[in-house]
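Engineer: The sequence isn't on hand, but the structure is:
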């Protein structure tokens, strides 16, 4: 989790190039993602991480932060529903996980330890997404 050493820095600092301001007619989501690039990593909340991961922004920096939370609370309700951060993480592109093999393996271990009843309560398709992630090569 080397990327956690930069908790006082922002994604705009760590993930060049710096983004320009969003267009005046940008959607709420676009404006939110732009705003989050100016927040120090240590101040990003679970909902912020879920948003950044779902939008595939600076994954080498935000996935380690998400995994750190998911190890403690795998079914964390970041914003929408229980397990939403976990599902966003496992649906990140495999290329993002290929540069974070140890974290991917730690997350696989967490997923394998989840009770079947808990997985069954997740939204439709979640069990399949978790299974696909677990089956990915390290």
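Structural biologist: Yep, it's here. Bear in mind that the values here come from a model prediction, so they are computed numbers and not experimental data.

Engineer: could you show me where the helices are in the protein, in order?
Structural biologist: Assigned helices in the chain, in chain order: 11-14, 28-36, 46-54, 59-72, 84-90, 94-98, 101-112, 116-120, 126-135 (criterion: DSSP state H).

Engineer: so which of these is the most packed in?
Structural biologist: Among the helices of the chain, helix 84-90 has the highest mean neighbour count (mean count of other CB atoms under 10 Å), at a mean of 24. The C-beta positions use only the backbone N, C-alpha and C, and glycine is treated the same way.

Engineer: In the chain, where is pLDDT below threshold?
Structural biologist: For the chain, applying pLDDT under 70 flags the ranges 1-5.

Engineer: Residue 31 versus the residue of it positioned farthest from its centre, what's the distance?
Structural biologist: Computed with CA atoms, centre = their mean, the maximum C-alpha offset from the centroid of the chain is found at residue 24, amounting to 27.4 Å. Here residue 24 is placed at a distance of 10 Å from residue 31 (CB to CB, to the nearest Å).

Engineer: what's the spacing between residue 86 and residue 45?
Structural biologist: Taking CB to CB, one finds residue 86 at 16 Å from residue 45.

Engineer: for residue 105, same thing?
Structural biologist: Taken as CB to CB, the span from residue 105 to residue 45 is 26 Å.

Engineer: now do residue 81
Structural biologist: Per CB to CB, residue 81 is found 16 Å from residue 45.

Engineer: contacting residues around residue 44?
Structural biologist: Contacts for residue 44 (CB atoms under 8 Å, 6 or more residues apart in numbering) come out as 36, 52, 62, 65.

Engineer: same deal with residue 6?
Structural biologist: Shown in contact with residue 6 (CB under 8 Å, 6+ apart): 14, 41, 61.

Engineer: do residue 128 as well
Structural biologist: Contacts for residue 128 (CB under 8 Å, 6+ apart) come out as none.

Engineer: re earlier: in terms of distance to residue 123, which of the contacts of residue 44 ranks first?
Structural biologist: When the contacts of residue 44 are compared for distance to residue 123 (CB to CB), residue 52 wins out at 20.2 Å.
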